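# Fold the stuff below for me.
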Amino acid sequence: MINRSVVDNNSFFVQCTGQIVSGEFGPVNYLYCRYTFHFGNDWTVSSGLDTGLSQTSCKNMGNSEEQIVWNFPIDISFNSTNAFGWPRIAISVYGIDFLGRDVIRGYGSALVPLSAGLHEIEIDMFTPLATSYLNDFMSWMMGN
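A predicted model of the protein is given here:
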């Protein structure tokens, strides 16, 4: 449903539909992902959700080298009067540690494609690391 109060002759729409298909995270298993769209001040969400949380997914038990598959749908439309602040999707992947705490396993982002059509985007995921053995131990104890 389009909010007609924000539509005028000077605005344009960007629609983003797709899915977060899968990820490779080495030996880590039972992961879920969150996405958030970030955009400029001239942009508004005309339909859909700008944040989402997937189900927890695991690898095939027979093959520990497989990807974790989410097939997590995305459907959002934007309205803007200015191309500045083009939408960007940020993805964070979390897992549960042995004490039942949420631990970040990776994060990354990508711009929404500038041209119409079918696009396959691979996002490099980054994992925060401690700067010393003491910080590593403390982050393990605190669940950070």
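# Quick one: residues contacting the most centrally placed residue in the chain.
The residue lying closest to the centre of the chain (C-alpha atoms, centre = their mean) is Ile91, at 2.2 Å. If a contact means C-beta atoms under 8 Å, 6 or more residues apart in numbering, then Ile91 has Ile20, Cys33, Arg34, Tyr35, Tyr107, Gly108, Ser109, Ile123, Met125 as its contacts. For glycine as for every other residue, the C-beta is placed from the backbone atoms N, C-alpha and C.
# among those residues, which are in helices?
Per DSSP state H, helices hold no members of the contacts of Ile91.
# how distant is stretch 98-116 from the center of its chain?
4 Å (C-alpha atoms, centre = their mean, to the nearest Å).
# Report the buried residues of it.
By 16 or more other C-beta atoms under 10 Å, the buried positions in stretch 98-116 come out as Val103, Arg105, Gly106, Tyr107, Ser109, Val112.
# Check stretch 33-46 too.
So for stretch 33-46, counting by 16+ other C-beta under 10 Å, buried means Cys33, Arg34, Tyr35, Phe37, Phe39, Trp43, Val45, Ser46.
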